[in-house]
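Student: Pasting the sequence and the predicted model now:
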Amino acid sequence: CLFRKHNSHLHSFDHSTMSDKLHHRGSAGGQTPGASPSQSSYSKTAKRTMKKSSLGCWCLAVGLLVLGGGSFAQLSKKGHKKINSDVDISKICINDPNHLPEYWRPPKNMRFEDSGLPWSQEEQAMADEAVQTGLDELLNFYEKNMTKIRIKKVGVDAVNSLIDEAYASGNNPAYHQRAVVAATKHLLLVAGQYVDEENEKKYRGCVHTYDRLKYLGYAQYLINNLPQDEELRDFQKKLVLSVNQMFVDCTTLENVLDVGDLKAIFLKKNEHADPVFEWVLQAIALTDCLTVPDLNMPEGTEEFVANVWHYLDSYELFYARDQPKHYRDYETRNQAWLATHIAYIPTGYGRHVQRIEDAPYLYKYIRENYYYALEYGMLDLMCEFVDLIRQYGCTEENDYQLRHGTRFILSLYEKAGHSWMNYKEHNEKDGDVISDYTMIHKPWTAISGVIQREFEPIVPGSYGFAFERALENVAARSGTKKTTRKTKKHKAGVQNHVRQGS
């Protein structure tokens, strides 16, 4: 997802003329091949439309898990978020396919049947190889196939594609170090324009707001991981000054976000997915910036983050089973991209563990739509589903769906000659001109589907801490108790969160 900002205005994408290429985990929306850097940030016009996706989606799901092989209650299309009072969701991961609730089970004549065997050491070795191959392919493509000008055209996602690989990868120090060093190199290249004295006048005012917020959030994360990098530290200090001045020039948070009246936008229930998707991306970017010392965030920042999160509690997501075309239907996929990114609000793109109690409807959604994603057969879509089940703490050893999905992903890797960049989606043909972004996005996405995570702790200065504190501060100011992600629970560690199923 790579949207780009055109000065203080946002470019509107017309999905009738765009290929099915909304990409997951991107900073904002899909980039048109050949688009210039000035066509930047995400679409915010009244007719916002997200680009179609060949690589992007999953949707999450509320825990209606019945122990010992029970089934879900029949739910109407408008009742998918209900949680039965007699349902026990304490077991997150289910290892035995015979114990899968009704709506979690694979359909007959599944396009990729599971072997039914336990996860093997050989399979894990291939998954580990696939992760390393993905990072190797990313770095080699950037270094050998792309000039600095082409990397600058990719923009925010030249950083995002690498920093995503660094998140929650502390269990592989060498891999983590390669990712953060490469992300830092790209950050200094593509965002240097905002701290260059020669360009000061060009970027003065309420312009390129989203890009600057994203770059500053990346810079803070990278400094936390590379504290001795003086060049990065100097860059971050200058970018803080630039963003602080941007806030002054914008005068209000509404102008920073270009969303209109912040009190009015959340009044409409079940808003179309496109603007809601933008709110989600903005909430993540703002939360990242809440971790930055000496940054003078606009009034209402924490309220916006909290309001987006709570607005989604009652937002109705389309279930693939309710649509005749399942995920072949554009709007259903559109909602899936939204659901994917909702999950990133509390975790910061997978830095921290997911918890069912934060948003039960998301857990329910991923579980009940899982095999529709596998049926659709796209690499990106399946990687998002697998990634998010893994973020709940499940593994290939203790969760049947996760094991089945990982095997499907690895089968695509194997068929492509143990390469992610050689993999072709259904709409790609030999001889097609493939954009730099599309090539980069293949390993970027695939890594998320097979990597073993070590979730980062929620401590002062972390993304998760900033998110929790925003909710708690807003609740305290409003006199309510509506918060999530209770800090006390994190002190017990991730292990207490992961409860294996039968």
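Tutor: That came through, no problem. Numbers count the residues shown, from 1 in each chain.
Student: Any idea how far the longest helix along the chain is from the middle of the chain?
Tutor: In the chain, with assignment by DSSP state H, the single longest helix is helix 121-145. Offset of helix 121-145 from its chain centre (CA atoms, centre = their mean, to the nearest Å): 20 Å.
Student: For the remainder of this discussion, apply numbering that starts at 331.
Tutor: Okay, residue one is now 331; in that scheme the one you just asked about reads as helix 451-475.
Student: if you average pLDDT over that helix, what comes out?
Tutor: With pLDDT averaged residue by residue, helix 451-475 scores 97.
Student: Identify the residues contacting it?
Tutor: 481, 488, 491-492, 495, 502, 505, 508-509, 512, 516, 726, 736-737, 740, 743-744, 748-751, 766, 769-770, 772-774, 776-777, 780-782 (CB atoms under 8 Å, 6 or more residues apart in numbering). Yep, even glycine has a C-beta here, placed from its N, CA and C like the rest.
Student: What remains of these if I keep only buried residues?
Tutor: Neighbour counting by 16 or more other CB atoms under 10 Å classes 481, 488, 491-492, 495, 502, 505, 508-509, 512, 516, 726, 736-737, 740, 743, 749-751, 766, 769-770, 772-774, 776-777, 780-781 among the contacts of helix 451-475 as buried.
Student: Contact partners for A673?
Tutor: Residues near A673 by CB under 8 Å, 6+ apart: 390, 684, 689, 692, 718, 721.
Student: still on that earlier bit, which members of the buried ones among the contacts of helix 451-475 are positioned in helices?
Tutor: 481, 488, 491-492, 495, 505, 508-509, 512, 516, 736-737, 740, 743, 766, 769-770, 772-774, 776-777, 780.
Student: Which residue ranges of the stretch 531-680 of the chain form helices?
Tutor: For the stretch 531-680 of the chain, the helices defined by DSSP state H, counting those that start in this stretch occupy 539-555, 560-580, 583-587, 603-619, 631-641, 660-677.
Student: Just the CA atoms of the third one, as PDB, please.
Tutor: As requested, the backbone C-alpha atoms of helix 583-587 are provided in PDB (Å, rounded to 0.1, in the frame of the first residue of the first chain):
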ATOM      1  CA  LEU A 583      -4.300  18.300  13.100                       C
ATOM      2  CA  GLU A 584      -7.100  18.400  10.500                       C
ATOM      3  CA  ASN A 585      -4.800  20.200   8.100                       C
ATOM      4  CA  VAL A 586      -1.900  17.800   8.800                       C
ATOM      5  CA  LEU A 587      -4.200  14.800   8.000                       C
END
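Student: now that helix: how far from the chain's centre is it?
Tutor: With CA atoms, centre = their mean, you get 22 Å for helix 583-587.
Student: low-scoring stretches of the stretch 481-630 of the chain, by residue?
Tutor: Within the stretch 481-630 of the chain, not a single segment meets pLDDT under 70.
Student: Over to the stretch 731-832 of the chain?
Tutor: Applying pLDDT under 70 to the stretch 731-832 of the chain flags residues 811-832.
Student: If we use 50, what do you get?
Tutor: Applying pLDDT under 50 to the stretch 731-832 of the chain flags the ranges 816-832.
Student: Next one: Y660, what pLDDT does it get?
Tutor: We have a pLDDT of 89 for Y660.
Student: Over to the one 10 residues further on?
Tutor: Predicted confidence (pLDDT) at T670: the value is 82.
Student: next one: N699
Tutor: For N699, the predicted pLDDT is 94.
Student: returning to that earlier point: for the longest helix of the chain, which positions count as buried?
Tutor: For helix 451-475, burial by neighbour count (16+ other CB under 10 Å) applies to 453-454, 456-457, 460-461, 463-465, 467-469, 471-472.
Student: Let me have these in TSV, adding distance to I614 as columns.
Tutor: Shown next, in TSV, are those (distance: CB to CB, whole Å):
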residue	distance to I614
E453	33
Q454	31
M456	32
A457	27
A460	27
V461	24
T463	28
G464	23
L465	23
E467	26
L468	22
L469	25
F471	26
Y472	24
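Student: Nearest to D541 among the residues you listed?
Tutor: Y472 (19.2 Å; CB to CB).
Student: for the residue lying closest to G547 once chain neighbours are set aside, what are its contacts?
Tutor: Spatial nearest neighbour of G547, chain neighbours left out: D618 (2.8 Å); criterion: CB to CB, 6 or more residues apart in numbering. Contact analysis of D618 by CB under 8 Å, 6+ apart lists 543-544, 546-548, 550-551, 678, 793, 796.
Student: Distance-wise, check D618 relative to R508.
Tutor: As judged by CB to CB, to the nearest Å, D618 and R508 stand 22 Å apart.
Student: tell me the SS of the residue of the chain most remote from its centre?
Tutor: Distance from the centre of the chain peaks at E528, with 34.5 Å (CA atoms, centre = their mean). Following DSSP: H, G, I helix; E, B strand; the rest coil, the label given to E528 is helix.
Student: And L447, by the same measure?
Tutor: Secondary structure, three-state DSSP: L447 is coil.
Student: And for the closest residue to V610 other than its chain neighbours, the neighbour number?
Tutor: The shortest distance from V610 to any non-neighbouring residue, by CB to CB, 6+ apart, is to H671 (4.7 Å). Residues within reach of H671, counting by other CB atoms under 10 Å, total 24.
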